[in-house]
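[1] I need the structure of the sequence given here:
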Amino acid sequence: MCPPQNRMTKNLNWKPINPPRNLRPDELAIVNKLLSAAFPGQGDLVQQIKSTKVISECQCGCPSIGLKVLDQGAKPAEVHKSVPVEAQVPPMAEFKLSTHVLLHVDSKGFLDELEFYRDDGENRLIKIPDPESLELIVLPE
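    Presented below is the predicted three-dimensional model:
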């Protein structure tokens, strides 16, 4: 599993993207699928994605990305958890283990990271899954 993105400690496993880039279509499709679930703050996160850019990429081999909402006027989401929604991709023939996708929100209520990991912690072979294969999970408060 890749270490969490932490701009305060300048985690060396995250490569900054300068200038920030748009989310690729496959990344955006995953985020939109995650944001289709109902949870507190979901509507505000849907609005934030319109001005969200990728500011870093994990270098461990997984497709995890760091996010930043660029709209200074964007409304913070009042989420109850730093990971308000996640998803699981059931085991596939090539991996035999589940892949997980987590959408992180920072302490101020803004989109922060899209994380991918496998149950065995082996990330080099993770591919961005088909959004239709995601089983959405919203944990109770």
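[2] Got the confidence number for M92?
    With respect to pLDDT, M92 scores 67.
[3] Revised request: answer the last question for Q59.
    89.
[4] try the one 4 residues further on
    Residue-level confidence at P63 comes out at 92, pLDDT.
[5] List the contacts of it.
    With Cβ atoms under 8 Å, 6 or more residues apart in numbering as the criterion, the residues that contact P63 are E27, F116, I126, K127, I128. All C-beta atoms are positioned from the backbone trio N, CA, C, and that covers glycine.
[6] pretty sure the last one is in a strand, no?
    No - with the criterion set as DSSP: H, G, I helix; E, B strand; the rest coil, the secondary structure at I128 is coil rather than a strand.
[7] Am I right that it is in contact with L23?
    No - counting by Cβ atoms under 8 Å, I128 does not reach L23; the two are 11.0 Å apart.
[8] neighbours around P76, how many?
    For P76, the count of nearby residues is 16 (other Cβ atoms under 10 Å).
[9] sorry, that was for H100
    Should you count by other Cβ under 10 Å, H100 turns out to have 18 residues around it.
[10] Repeat that for D130.
    Other residues within reach of D130, judged by other Cβ under 10 Å, total 12.
[11] would A74 count as being in a helix?
    No - assigned with three-state DSSP, A74 falls outside any helix and is coil.
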